[in-house]
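Q: Prediction below, plus the sequence it came from.
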Number of protein chains: 2
Amino acid sequence: MGIIKLKNRVCVSAVASVCGKKEYDGAFGELYDEYSEDDTFGKKTFEQAEEEMQRRCFAHALKKGGFDLSDIDAIFAGDLMNQCTASSYGLLEYGRQYFGLFGACSTMAEAVLLSALTVDGGYFKRCAAIVSSHNCTAERQFRMPIEYGGQRTPTAQWTVTGSGCAIIDTGVYGMYVKGVLPGVPVDRGVSDAANMGAAMAPAAADTLKRFFDESGRKPNDFDLILTGDLGGEGHGLLTELLSYEGCDLGADHLDCGMLLYKPEQDVHSGGSGCGCSALGLAVYLFERFKNKEIKNALFVGTGALMSPMAVAQGHSIPGIAHLIHFSSEV
Amino acid sequence: MGIIKLKNRVCVSAVASVCGKKEYDGAFGELYDEYSEDDTFGKKTFEQAEEEMQRRCFAHALKKGGFDLSDIDAIFAGDLMNQCTASSYGLLEYGRQYFGLFGACSTMAEAVLLSALTVDGGYFKRCAAIVSSHNCTAERQFRMPIEYGGQRTPTAQWTVTGSGCAIIDTGVYGMYVKGVLPGVPVDRGVSDAANMGAAMAPAAADTLKRFFDESGRKPNDFDLILTGDLGGEGHGLLTELLSYEGCDLGADHLDCGMLLYKPEQDVHSGGSGCGCSALGLAVYLFERFKNKEIKNALFVGTGALMSPMAVAQGHSIPGIAHLIHFSSEV
């Protein structure tokens, strides 16, 4: 257990993102590669719309990176739908070697982490990490169909409609994976399915504390600590949990769930879903590296391993957080 | 894309298996480490019973291998339940670095494959690959609750109640991972949720054909080709599909789904579920290597990426098959 330092040059050579209307209307509208005016992407069901998002997102990433399909050795993918169907159906036609993942909202970090290790080890020349979530598929699966119009609590987050893709290889594009720290599932007894931030914050605190303890570094050694999707509630709890450990995350700690929407969009505690941190990585983290605004960043993908069945049977909700250390220098 | 040959000595240093009553009454009763007389493992719900299976299975594997918990750097785990809760809850108390996977019934092969690559690359000293399935959780989630007493068709398979664990490290225990070939999702239009063998056979054929074409080897170069869980129906289809390609799998092709039960147990086309190939690996493949009965084997874990929601929306069912080449020699 512990931090894994990569041995070779491993970089994020391209990213892409596809999203829904609410996300397009949010803070980063112009930076998305594509959006759907009605969130359906021309499909009959929201489930098929989510598949289509992954399909298009991967195509955008290939095009932006200047890659052929044959340049991709393996895909690490996942989503929130039961049996991860947005990934398996969405990416089916590409016919690439495929690893299905389930890390709830942390899946983008899990996919990037495993892509980075397998590229670093020379097992794959180039991998794609792809995930998605869709507000309408997630809400009806995990809580209520949106048509029900249920009242949302202040701690509730808004599942992002979006898909993000990162291409990982040994290129020289200015955003390198220096090291990773895999997450450990942590359960502190939170059982409120409308407060995922509280379920995930202890896992994020665990991962960050392990990282700082082992590396001897401090939060202000990094230009940015980007968590997510903790949302406002989870962001506050993480800050508090780490302050008990004598660790001040400081002003350079941002959360993907708090970045994507404008305040007037009324998403309560913030964005969530696999798409949240994936879009955060694509339109915020990658952009800041590209624009040379940051040199050193920690990306901490958080997930609440929440199951309606498990909650109904009296379980609380474990969280997990995988950390990736990105740098502008090899 | 293609076969990955490992660079270092990577071996399966211990296995463990836990199962239900029907599996204990099957072909390998005495070889399981533990079973439950009523399939509940003392828990109130079948979902919690499945979690308990993984919990106990991992504990057995640690004990049999002589390992402490701190010897395990990472766990690769998955199951068939929505949100993979048997894995996340079952393994929670161990507090190890954790990667959730979803590969349907192929998850054991996916977990062993990723464990082998990450151990080979020196990223983890020792990994655990753990999966499970439970007949009563799977049937009510994917088809009907067993209390409904629905008639099963001849091509239907019986979801195995069982959990298997393999510990992967750089030891010298006689069953080495020589190479791996990741699977590609393949969909040939099968939409019958009671015929998973037909959905998976084309994926197994694709993986095996790619392996033989690239390696220049033939089926009879191996003492055993162990697929699964194709069941009788899928086993026949795979044999037929490969014969069209001029490839005769021969008598040394066995399927985990056809091995675990006795003929009089009336499981129709055979066993299935993540537990099926995991038990097959633990009580059949590992045992044959241990007893020096085989020297070279291909393990091809097959999965039907079946979602009731996707089938209801008119999708057919993609399959996937990951291949692992085991040898008794380093």
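A: Okay, I see it.

Q: C-alpha only now, for contacts and for neighbours.
A: OK.

Q: Kindly confirm my reading that A:Ser132 is in a strand.
A: Yes. Assessed by DSSP: H, G, I helix; E, B strand; the rest coil, A:Ser132 belongs to a strand.

Q: count of neighbours near it?
A: Residues near A:Ser132, counting by other C-alpha atoms under 10 Å in any protein chain shown, number 36.

Q: That one against A:Ala111, yeah?
A: No. Counting by C-alpha atoms under 8 Å, A:Ser132 stays clear of A:Ala111, with 11.9 Å between them.

Q: Quick check: the residue of the stretch 151-300 of chain A nearest chain B.
A: Proximity of the stretch 151-300 of chain A to chain B (C-alpha to the nearest C-alpha) peaks at A:Val184, 4.5 Å away.

Q: For that residue, give me its contacts.
A: By C-alpha atoms under 8 Å, 6 or more residues apart in numbering or on different chains, A:Val184 lies in contact with A:Ala203, A:Asp206, A:Thr207, A:Ile320, A:Ala321, B:Gly95, B:Arg96, B:Gln97, B:Tyr98.

Q: Which of those fall within helices?
A: Among the contacts of A:Val184, the members falling in helices (DSSP state H) are A:Ala203, A:Asp206, A:Thr207.

Q: Check those for burial and list the buried ones.
A: By neighbour count, with 16 or more other C-alpha atoms under 10 Å in any protein chain shown, these hold A:Ala203, A:Asp206, A:Thr207 as buried.

Q: okay, these in TSV with pLDDT and distance to chain B next?
A: Formatted as TSV, those follow (pLDDT from 0 to 100; distance: C-alpha to the nearest C-alpha, whole Å):
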residue	pLDDT	distance to chain B
A:Ala203	98	11
A:Asp206	98	11
A:Thr207	98	10
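
Q: Show me the helices in the stretch 151-300 of chain A, by range?
A: Remark: helices assigned in the stretch 151-300 of chain A by DSSP state H, counting those that start in this stretch are A:196-215, A:231-244, A:256-259, A:274-279, A:286-290.

Q: Among those, show me which one is buried the most.
A: The highest average neighbour count among the helices of the stretch 151-300 of chain A, using mean count of other C-alpha atoms under 10 Å in any protein chain shown, belongs to helix A:274-279 at a mean of 36.

Q: tell me what it is packed against?
A: Counting contacts by 3 or more C-alpha pairs under 8 Å, 6 or more residues apart in numbering or on different chains; DSSP states H and E, helix A:274-279 packs against helix A:107-120, strand A:127-133, strand A:162-169, strand A:224-228, helix A:256-259.

Q: Roughly how far does A:Met108 sit from chain B?
A: Using C-alpha to the nearest C-alpha, to the nearest Å, one gets 12 Å for the distance from A:Met108 to chain B.

Q: Let me see the contact set for the residue nearest the centre of chain A.
A: Nearest residue to the geometric centre of chain A (C-alpha atoms, centre = their mean): A:Ser277, 2.9 Å. Shown in contact with A:Ser277 (C-alpha under 8 Å, 6+ apart): A:Cys105, A:Ser106, A:Met108, A:Thr227, A:Gly228, A:Asp229, A:Cys256, A:Gly257, A:Gly301.

Q: Farthest-apart pair in those, please.
A: Taking C-alpha to C-alpha, the two most distant members of the contacts of A:Ser277 are A:Met108 and A:Gly257; they sit 13.9 Å apart.

Q: Please tabulate the helices and strands packed on helix A:274-279 in JSON lines, including the columns mean pLDDT and distance to B:Cys165.
A: Shown next, in JSON lines, are the helices and strands packed on helix A:274-279 (pLDDT from 0 to 100; distance: least, C-alpha to C-alpha, whole Å):
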{"stretch": "helix A:107-120", "mean pLDDT": "98", "distance to B:Cys165": "21"}
{"stretch": "strand A:127-133", "mean pLDDT": "98", "distance to B:Cys165": "27"}
{"stretch": "strand A:162-169", "mean pLDDT": "98", "distance to B:Cys165": "30"}
{"stretch": "strand A:224-228", "mean pLDDT": "96", "distance to B:Cys165": "32"}
{"stretch": "helix A:256-259", "mean pLDDT": "97", "distance to B:Cys165": "36"}
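
Q: To B:Gly122, which of the ones you listed lies closest?
A: Judging those by C-alpha to C-alpha, what sits closest to B:Gly122 is helix A:107-120, at 9.9 Å.

Q: Next, the angle strand A:162-169 makes with that closest one.
A: Interaxial angle of helix A:107-120 relative to strand A:162-169 (axes from the mean of the first three to the mean of the last three C-alpha atoms, to 10 degrees): 10 degrees.

Q: I'd like to know which elements helix A:107-120 is packed against.
A: Contact here means 3+ C-alpha pairs under 8 Å, 6+ apart; on that basis helix A:107-120 packs against strand A:74-79, strand A:127-133, strand A:162-169, helix A:274-279, strand A:296-304, strand A:319-327, helix B:107-120.

Q: Summarise which helices and strands the first one is packed against.
A: Looking back up the chat, that one is strand A:74-79. Secondary-structure packing of strand A:74-79 (3+ C-alpha pairs under 8 Å, 6+ apart): helix A:85-90, strand A:97-100, helix A:107-120, strand A:127-133.

Q: contacting residues around A:Phe326?
A: Listed by C-alpha under 8 Å, 6+ apart, the contact set of A:Phe326 reads A:Met175, A:Tyr176, A:Val177, A:Lys178, A:Gly179, A:Asn296, A:Ala297, A:Leu298, A:Phe299.

Q: Now the buried members of the residues you listed.
A: By 16+ other C-alpha under 10 Å, the contacts of A:Phe326 give A:Met175, A:Tyr176, A:Val177, A:Lys178, A:Gly179, A:Asn296, A:Ala297, A:Leu298, A:Phe299 as buried.

Q: show me the residues around the last one that make contact.
A: Read that as A:Phe299. A:Phe299 makes contacts with A:Ala109, A:Ile225, A:Leu226, A:Thr227, A:Leu323, A:Ile324, A:His325, A:Phe326, as judged by C-alpha under 8 Å, 6+ apart.

Q: my guess is the fifth one contacts A:Lys178, does it?
A: Just to be clear, that refers to A:Leu323. No. Counting by C-alpha under 8 Å, A:Leu323 does not reach A:Lys178; the two are 11.0 Å apart.

Q: Would you reformat the buried ones among the ones in helices among the contacts of A:Val184 as TSV and include distance to B:Asp71?
A: Output for those, formatted as TSV (distance: C-alpha to C-alpha, whole Å):
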residue	distance to B:Asp71
A:Ala203	22
A:Asp206	20
A:Thr207	19
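
Q: With respect to A:Ser307, which of those is nearest?
A: A:Ala203 (17.0 Å).

Q: is it true that that closest one touches A:Val190?
A: No. Applying C-alpha under 8 Å, one finds A:Ala203 not in contact with A:Val190, separated by 12.0 Å.

Q: give me the number of residues near A:Lys21?
A: A:Lys21: 17 neighbours (other C-alpha under 10 Å).

Q: Return the residues in contact with it.
A: Residues counted as contacts of A:Lys21 (C-alpha under 8 Å, 6+ apart) are A:Tyr35, A:Ser36, A:Glu37, A:Asp38, A:Asp39.

Q: The third one contacts A:Gly20, doesn't it?
A: Put plainly, it is A:Glu37. Yes. Look at A:Glu37 against A:Gly20 with C-alpha under 8 Å: they come within range, at 6.8 Å.

Q: how close does A:Ile4 get to chain B?
A: Distance, A:Ile4 to chain B, using C-alpha to the nearest C-alpha: 6 Å.

Q: Report pLDDT for that residue.
A: A:Ile4 carries a pLDDT value of 98.

Q: ok, it - contacts?
A: Taking C-alpha under 8 Å, 6+ apart, one finds A:Gly179, A:Val180, A:Leu181, B:Tyr123 in contact with A:Ile4.

Q: What distance do you get for the last one to B:Leu208?
A: B:Tyr123 sits 28 Å away from B:Leu208, going by C-alpha to C-alpha, to the nearest Å.
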